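K.L.:
Starting from these lines, generate the structure:
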Amino acid sequence: MDQHPFAQYIRSLGRGKKGSRDLTEEEAYDAFKMILADEVEPEQLGAFLMLMRVKEETPGELAGFVRAARNSLRMPTNLPQVHLDWSSYAGKRRHLPWFILSALLLTEDDVNVFMHGITGRKDNRVYTPSAISSLGIPISTSLEQAARLIEQNGFAYISLENFSPKLTSLIALREILGLRSPVHSLSRLLNPFNAPYAMQGIFHPGYKAIHRDAAVLLKQPHLTVIKGEGGEIERNPDVPCEAYTVHHGEPSSETWPAMFAGKRHLKDPTMDLHRLAAVWRGEADDEYGIAAVTGTAAIALKLLGRADSLKEAETRAQQMWQSRATHKYPVS
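P.N.:
Down below sits the predicted model:
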């Protein structure tokens, strides 16, 4: 009986401490292309994902997976001009998803933002679709609709299930396997509309360098990766934030200082999504939330080249917050 063509990739990863090796970028591309085309057996898929999880993906492997995933997407004929790709796959459990207001604030500076993520399955987390719905902002059900909303409003959100059901099903295997897989990482790097600027939020600090270096291999011109609050792209104003960056293909890093000296804010006891709209409109105050909004927006402004220094970016973000059009967003 001939050996299954996918077996070579499992063999490369699983030969033990001395015999196993990382996949090349091209091997990773070919392996994930087969997975997306349903050309692997269920046993092979589970073995591959867990072997990859144990060793952790390299930047080259991650880049290969992303390339295969991008090639599987059915893109609209007319692509919108997207400046900033913003992934949202973690969910929040300690604080509200204030970063959504950061993205909306950027649209007032003529930044077109495309946000993509997942519909959550954990009861103790608030996921982006619920928060966006609470603001009365439409959620796209296709990339075509997202393209139209970006052209109209400068912002669109879509859940992964509505533009890549296959990747969604692979992420859902976490409930069966008990562990995350490379799909959680590669989804953040998808950047479907090929935006020149991208923001990445991760939870485990070690993945900052992996994401940054994969972005270099993918020829992403500009990118910032942070260990965001809860794993989302949200600056925690209570602690310093080390950002790994790519500018014109060159990797670097910068550290944003804590916005509150010697102060730690407690977990939000209610996680009431209606407060997002109330704070935006000026009907309620939230020290932590406003700092998270402006602090996150500042990182984006620095990435976008709309500020030359960290201090200038923070000052500009705070000015934008003070002059925001409270009647525009949210609309609910």
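
K.L.:
Every contact and neighbour count from this point should use C-alpha atoms.
P.N.:
Fine.

K.L.:
pull the helix or strand with minimum mean pLDDT from the chain.
P.N.:
For the chain, scoring each helix and strand by mean pLDDT, DSSP states H and E identifies helix 174-177 as the least confident one, at a mean of 90.

K.L.:
Dump it to CSV, restricted to CA.
P.N.:
As requested, the backbone C-alpha atoms of helix 174-177 are provided in CSV (Å, rounded to 0.1, in the frame of the first residue of the first chain):
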residue,chain,number,x,y,z
ARG,A,174,-9.4,23.2,20.3
GLU,A,175,-12.5,21.9,22.1
ILE,A,176,-11.7,18.4,21.0
LEU,A,177,-7.9,18.4,21.2
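
K.L.:
residues in contact with it?
P.N.:
For helix 174-177, contacts defined as Cα atoms under 8 Å, 6 or more residues apart in numbering pick out 46, 180-181.

K.L.:
just stretch 199-210 next, same as before
P.N.:
The list of residues contacting stretch 199-210 from outside it, by Cα under 8 Å, 6+ apart, reads 58-59, 84-88, 188-189, 211, 223-234, 244, 300.

K.L.:
Go through those residues and flag which are in strands.
P.N.:
Within these, residues falling in strands by DSSP state E are 84-88, 223-227, 244.

K.L.:
give me every residue that touches Ile299.
P.N.:
The neighbourhood of Ile299, defined by Cα under 8 Å, 6+ apart, consists of 310, 313-314.

K.L.:
any idea of the pLDDT on Val331?
P.N.:
According to the predicted model, the pLDDT of Val331 comes to 52.

K.L.:
swap in Lys55?
P.N.:
92.

K.L.:
Near it, how many other residues are there?
P.N.:
Residue neighbour count, defined by other Cα atoms under 10 Å, stands at 12 for Lys55.

K.L.:
from here on, count from 149
P.N.:
Okay, residue one is now 149; in that scheme the one you just asked about reads as Lys203.

K.L.:
where does Thr403 land in three-state SS?
P.N.:
Three-state call for Thr403 (DSSP: H, G, I helix; E, B strand; the rest coil): strand.

K.L.:
Distance of the closest residue to it other than its chain neighbours relative to Arg296?
P.N.:
With sequence-adjacent residues excluded and distances taken as Cα to Cα, 6 or more residues apart in numbering, Thr403 is closest to Glu390, at 4.2 Å. Between Glu390 and Arg296 the distance is 35 Å, computed by Cα to Cα, to the nearest Å.

K.L.:
so who does the most centrally placed residue in the chain touch?
P.N.:
A centroid search over the chain (Cα atoms, centre = their mean) returns Ser235, at 2.5 Å, as the residue closest to the centre. The contact partners of Ser235, by Cα under 8 Å, 6+ apart, come to 263-265, 335-337, 347-349, 381.

K.L.:
again, only this time at 10 Å
P.N.:
Contact criterion Cα atoms under 10 Å, 6 or more residues apart in numbering gives 262-266, 305, 335-339, 346-349, 380-381 as the residues in contact with Ser235.

K.L.:
and if you look at Lys240?
P.N.:
By Cα under 10 Å, 6+ apart, the contact set of Lys240 is 246, 272-276, 377-380, 419.

K.L.:
Which ones among those residues map onto helices?
P.N.:
Using DSSP state H, Thr276 are the members of those that sit in helices.

K.L.:
most surrounded residue in the contacts of Lys240?
P.N.:
When neighbours are counted by other Cα under 10 Å, Thr276 leads the contacts of Lys240 with 28 neighbours.

K.L.:
how far away is that residue from Gly397?
P.N.:
According to Cα to Cα, Thr276 stands 30 Å off from Gly397.

K.L.:
For Ala391, give its distance to Trp404.
P.N.:
7 Å.

K.L.:
Between those two, which contacts overlap?
P.N.:
With Cα under 10 Å, 6+ apart as the test, Ala391 and Trp404 both reach 383, 447.

K.L.:
Pick out whichever of these two has more residues nearby.
P.N.:
More neighbours surround Ala391 than the other of Ala391 and Trp404, with 24 against 18 (other Cα under 10 Å).

K.L.:
Let's see the pLDDT reported for that one.
P.N.:
At Ala391 the predicted local distance difference test score is 97.

K.L.:
got a list of what it touches?
P.N.:
For Ala391, the set of contacting residues under the criterion of Cα under 10 Å, 6+ apart consists of 348-349, 356-357, 360, 371-376, 383, 400-404, 447.
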